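Enquirer: Task: produce atomic coordinates for the following.
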Amino acid sequence: MTQKAPPQTDQILRYITVHGSITSAEAFTVIGCTRLSARIWDLKHMGFNITKKRERKNGKSYDRYFWEAENE
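Expert: Numbers count the residues shown, from 1 in each chain. Take a look at the predicted model:
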């Protein structure tokens, strides 16, 4: 029996938890996710507080996403 991979939303949350944030380039390289903004939309509608910051490097702009987990 083959093992099913966790949904991309789970993988994205796990990546953000470990690394602090995620970009579309990281999502594609590590997770294979080609539509990070769509998965972020899914997470927001599931109730996760995801924020983004626009960054610029070498003349190119991109979004970096963060999960603002509630303090317990």
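Enquirer: Quick one: residues in contact with the helix or strand encompassing Phe66.
Expert: According to DSSP states H and E, Phe66 maps onto strand 60-67. With contact meaning CB atoms under 8 Å, 6 or more residues apart in numbering, strand 60-67 is reached by 13, 16-17, 20-25, 36-37, 40, 43, 48-56. Any C-beta I mention is one placed from the backbone N, CA and C, and that applies to glycine too.
Enquirer: try 7 Å this time
Expert: Contact partners of strand 60-67, identified using CB atoms under 7 Å, 6 or more residues apart in numbering, comprise 13, 16, 21-24, 40, 48-55.
Enquirer: mind listing which of the residues you listed are in helices?
Expert: Counting by DSSP state H, those place 13, 16, 24, 40 in helices.
Enquirer: Most neighbours out of the residues you listed, which is it?
Expert: When neighbours are counted by other CB atoms under 10 Å, Ile40 leads these with 22 neighbours.
Enquirer: For that residue, give me its contacts.
Expert: Counting by CB under 7 Å, 6+ apart, Ile40 has contacts 50, 65.
Enquirer: Please name the nearest non-neighbouring residue to the residue nearest the centre of the chain.
Expert: Nearest to the geometric centre of the chain sits Ile12, at 4.3 Å (CA atoms, centre = their mean). Excluding its sequence neighbours, the residue lying closest to Ile12 (CB to CB, 6 or more residues apart in numbering) is Arg39, at 5.6 Å.
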